[in-house]
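In: what's the 3D shape of this:
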Amino acid sequence: MPFFLVDKHITFSSVTKHAPSNNYKPSTLKNSILVLMFCLFIACKTDKKKDSSLPNTPAAEIEISHAKGFTIEKSNNGLTIIEVLSAWPGANTSFKYALIPKNKMASMTLNKDDYDAIVATPVERLIVTSTTHIPSLEALGVLDKLVGFPKTELISSENARKLIDNGDIKELGNNETLNTEIAISLKPDVVVGFGMNNQNKAYETVMRSNIPIVYNGDWTEESPLGKAEWVKFFAPFFGLETKADSIFKSIEQSYFQTKSIVENVTKKPTVLTGGLYKDVWHVAGGKSWMAQFLKDAKTDYLWKETQETGGIGQSLETVLATAQHADYWLNPSMLTSYEDIEESNKHYTQFDAYKNKTIFSNTIAKGATGGLLYYELGPMRPDLVLKDLIHIFHPELLPDHELFFFKPLE
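Out: Numbers count the residues shown, from 1 in each chain. Take a look at the predicted model:
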């Protein structure tokens, strides 16, 4: 990307002054010297412009091993370019952000048209808009930089709740109808947003106040480790790339070690997911985040051959025909007890998982104000999710593990 290093000190080549001959008048000589100096000035300025239009060294791409939704490039002069390739499912455009160290803002000029936002770093005040952003900030040790969040009751992190209770993190309403007056008054250095598209009018209002909006697409990732790797997305805003890399490598190593526990498993239990919502049963698609977990936990997921990366709408009759005899049933909508199952729909009682009491839910484990731990911390800690699932499906392999995200129905 084009950028320019602004150097205010122009060096002039020296001009040797010779005594005028009899053929030259003093004024003529003076004019000649002025012309020469002007030419040298232009040449020097042209060379300076030419040199400053190039980076000191080619940009180096930061290693992103599993995530497909973003890239990071760093140059020797401190410029960092983050490109978000998938801000939401089916996005047909990418977003490019330039991060410039504050101590170099005065000496570096960028073409604003080349970027969707330019952010001065390190960031001291920020707003984020999804609970999935909270664990990354906490792991990096910058949770105290968070000044605002929409629907704070959804946050489960104990450390974040203390900041909310102390008034350090302000309530901003809903993401789609963000309280822009409060958001702008907080004077954030950046707002990290998410959306189903780029039609959030609240974001447009914030941007008109010269506050950069940066999209985070962690939720569009299909693989467990892909979601977790978005901790690297946040790191450059605080100059903590090395720390983020260490955090992710630890999670990655833990995930692979956990996955190796079931390496020799041959008996795979069958699994059903989801439940009815307005007469449509939504099961996890075969290429979804959940389906990948079930594959790594060595199960026979009954919709594993489908190609959808999200949910798949099915009729009750279809699900009953396919999964009535499934060994396990995960996440029956928001139902948390067998009594709820019976009262919700009498047909639920026909499933073997109901009869055998092998139904587990990720909506039982909640924070102090009702936020769901699974949807906040789960993307950041896929190793813990996988341990839960292995304990459920192969209890003999992790007998001492205490379930964290998934709980048996009451």
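
In: all contacts plus neighbour counts: C-alpha atoms, from now on.
Out: Will do.

In: can you tell me which strand in the protein is longest?
Out: Longest strand in the chain by number of residues, with DSSP state E as the criterion: strand 95-101.

In: partners of whichever helix or strand comes after that one, with directions?
Out: Next helix or strand after strand 95-101 toward the C-terminus (DSSP states H and E): strand 108-110. Pairing partners of strand 108-110, with direction, according to DSSP bridges: strand 3-5 (antiparallel).

In: what about the strands in the stretch 151-300 of the chain?
Out: 170-171, 190-193, 213-215, 270-273, 275-277, 280-284, 300-301 (DSSP state E, counting those that start in this stretch).

In: follow-up on the earlier one: alpha carbons of the longest strand of the chain, in CSV - could you do that?
Out: The C-alpha coordinates for strand 95-101 follow below in CSV (Å, rounded to 0.1, in the frame of the first residue of the first chain):
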residue,chain,number,x,y,z
PHE,A,95,-11.8,-4.4,4.8
LYS,A,96,-8.3,-3.0,5.1
TYR,A,97,-7.1,-1.2,8.2
ALA,A,98,-3.8,0.7,8.8
LEU,A,99,-2.3,0.8,12.3
ILE,A,100,0.3,3.4,12.9
PRO,A,101,2.3,3.9,16.1
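
In: and it, which strands flank it?
Out: For strand 95-101, pairing defined by DSSP bridges yields strand 80-84 (antiparallel), strand 117-121 (parallel).

In: Kindly export the last one (C-alpha atoms) in PDB.
Out: Output for strand 117-121, consisting of C-alpha atoms alone and laid out as PDB, is shown next (Å, rounded to 0.1, in the frame of the first residue of the first chain):
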ATOM      1  CA  ALA A 117      -9.900   3.000   8.800                       C
ATOM      2  CA  ILE A 118      -6.600   4.300  10.200                       C
ATOM      3  CA  VAL A 119      -5.900   3.700  13.900                       C
ATOM      4  CA  ALA A 120      -3.200   5.200  16.100                       C
ATOM      5  CA  THR A 121      -1.600   2.600  18.400                       C
END
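
In: Mean confidence (pLDDT) on that strand, please.
Out: Averaging pLDDT along strand 117-121 yields 96.

In: Centre of the chain to that strand, how far?
Out: 17 Å (CA atoms, centre = their mean, to the nearest Å).

In: Likewise for the first one?
Out: Strand 80-84 has its average C-alpha position 12 Å from the chain's average C-alpha position, going by CA atoms, centre = their mean.

In: dump the residue contacts of Val319.
Out: For Val319, the contacting residues are Trp281, by CA atoms under 8 Å, 6 or more residues apart in numbering.
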